[in-house]
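Asker: next comes the sequence, and after it the predicted model I'd like to discuss.
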Amino acid sequence: MKKTKLIVLRGPSGSGKSSVAKAVRDLCLAEGGKMAYVEQDHFRRIVLKERDVIGGFNIQFIKESVLFLLKNQYDVILEGIFDKRRYEEMFEELILLHPTHNYFFYFDISFEETLKRHDTKSSRNDYGESEMRSWYKYKDLLQCVEENIVSEKNSIEETMTFIQSVSDLKNNKEK
């Protein structure tokens, strides 16, 4: 039986997390892996229609969903802004309950670059600079785990290769 992996992509809105998460998952599936993609915005904004607040219901919902998938032999790629004030405790609990094979990546992207990237998205008209500025936190690194830093200079392909290398995804097929 394989040991499941949790890959967490955190960082500012518009930093490229979703694009990278989808690409890593697609590559993993194409190579015969079993990976679920859990997107913070989908759970919070679409499923629950909940604002991102301390103690929000989405936090427990995301945690329980991730644990369910890991227990059922799915690798999980978890992606979102995940402001540390609201989500650090959730990550501490996930690490406690899934103590190995956890890989955290923080997208260290300047505000100016997030705006440029946001302008290329199909959802660019859903929200704008003022909302993004209110969400932006400079180097919002977690205290509970060492995060691998993704530079804004990295392309999607370079970031995918980095994530695969750090998390050893190529060697995680079912035996």
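Answerer: The structure has been received and is ready for your questions.
Asker: against residue 143, how distant is residue 7?
Answerer: Residue 7 sits 20 Å away from residue 143, going by Cβ to Cβ, to the nearest Å. C-betas here are computed from N, CA, C, even on glycine.
Asker: which one's more surrounded, these two?
Answerer: Each of residue 7 and residue 143 has its neighbours counted (other Cβ atoms under 10 Å); residue 7 has more, 25 against 9.
Asker: give me the neighbour count for residue 105.
Answerer: 24.
Asker: please apply the same query to the one 10 residues further on.
Answerer: Close neighbours of residue 115, defined as other Cβ under 10 Å, add up to 17.
Asker: pLDDT value on residue 125, please?
Answerer: The score at residue 125 is 67. That number is its pLDDT.
Asker: what's the answer for the one 3 residues further on, then?
Answerer: Model confidence at residue 128, expressed as pLDDT, equals 69.
Asker: equivalent analysis for residue 111, please.
Answerer: Looking at residue 111, the pLDDT reads 83.
Asker: list the contacts for the residue nearest to it when sequence neighbours are not counted?
Answerer: Of all residues not flanking residue 111 in the chain, residue 136 sits nearest, at 5.1 Å (Cβ to Cβ, 6 or more residues apart in numbering). Residue 136 sits next to 12-13, 111, 114 when contact means Cβ atoms under 8 Å, 6 or more residues apart in numbering.
Asker: quick check: residue 136 vs residue 109, distance?
Answerer: For residue 136, the distance to residue 109 - Cβ to Cβ - is 9 Å.
Asker: what sits in contact with each of the two?
Answerer: Common neighbours of residue 136 and residue 109 (Cβ under 8 Å, 6+ apart) are residue 12.
Asker: measure the residue nearest to residue 111 to residue 156 for me?
Answerer: Residue 136 is 21 Å from residue 156, by Cβ to Cβ.
Asker: ok, residue 27 next?
Answerer: From residue 27 to residue 156 the distance is 11 Å (Cβ to Cβ).
Asker: which of these two has more neighbours?
Answerer: With neighbours defined as other Cβ under 10 Å, residue 27 and residue 156 compare such that residue 27 has more, 16 against 13.
Asker: nearest residue to the middle of the protein?
Answerer: Per Cα atoms, centre = their mean, the C-alpha nearest to the average position across the chain is that of residue 79, at 2.0 Å.
Asker: strands paired with the host helix or strand of that residue, and their directions?
Answerer: If you go by DSSP states H and E, residue 79 is part of strand 75-80. Strand pairing for strand 75-80, determined by DSSP bridges: strand 6-10 (parallel), strand 35-39 (parallel).
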